[in-house]
Structures are given as C-alpha cells and as structure tokens.
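# Make a model of this:
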Amino acid sequence: MAKTIEEMAAIGKGKLTRKESRMKSRWEGRVPGMKASFGALPFGPTIKAAYNEGIDAALTAKAYRVDADKWAEKWAAKMKL
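Numbers count the residues shown, from 1 in each chain. You can find the predicted model right below:
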C-alpha cells in the first residue's frame, strides 16, 4: 500500500535529523572557500568586508541549524497542492 504524505514527511524528517551534524560540519568547513570565492568577485572592499563579517558572525553565533519540524510541515503542505 502507498504511504501517506504524513508518513513520507516523517521519513524525510528522520533522514534530515540524522544528517544535521554532518551538514553543519560541512558548511563550517566550506567557510574559507566561500570567503575566497566571494573575495574574487568584483565587489568593493566594504561589501567584501561586510560579507566576511556576516559569515564570521554566523559561525560565532552557531547560527547554522536545521529545523526538521519546519521542513516536514512545509514539504507536506507543498505535496498537497
């Protein structure tokens, strides 16, 4: 029998929850590359400095997070359209 949208959302939520720490560490590991790539763009020093400060602030505040409940709710709503 086919799974309901709620059952599929619960499965996806579980997968996302299990991957959360790996996703966070990969994002944090990409920070130097993000800064270098943005630094190569033709923006001025003020914009580049603001970008770097924003990335550093996100790292300091541990702002990277995954909200599996929000994801499941939005995914299920989207599938019901």
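# How far away from the center of its chain is stretch 6-13?
Computed by CA atoms, centre = their mean, to the nearest Å, the chain-centroid distance of stretch 6-13 equals 19 Å.
# whoops, stretch 63-81 was the one
Put simply, stretch 63-81 sits 12 Å off its chain's centre (CA atoms, centre = their mean).
# what's the helix ranked longest in the chain packed up against?
Longest helix in the chain, counting residues (DSSP state H): helix 5-39. Judged by 3 or more CB pairs under 8 Å, 6 or more residues apart in numbering; DSSP states H and E, helix 5-39 is in contact with helix 45-60, helix 68-79. Any C-beta I mention is one placed from the backbone N, CA and C, and that applies to glycine too.
# Tell me which of those helices sits most buried.
Mean neighbour count (mean count of other CB atoms under 10 Å) peaks for helix 68-79 among these, with a mean of 14.
# Contacts for it next, please.
With contact meaning CB atoms under 8 Å, 6 or more residues apart in numbering, helix 68-79 is reached by Ile5, Glu6, Met8, Ala9, Ala10, Gly12, Lys13, Leu16, Thr17, Glu20.
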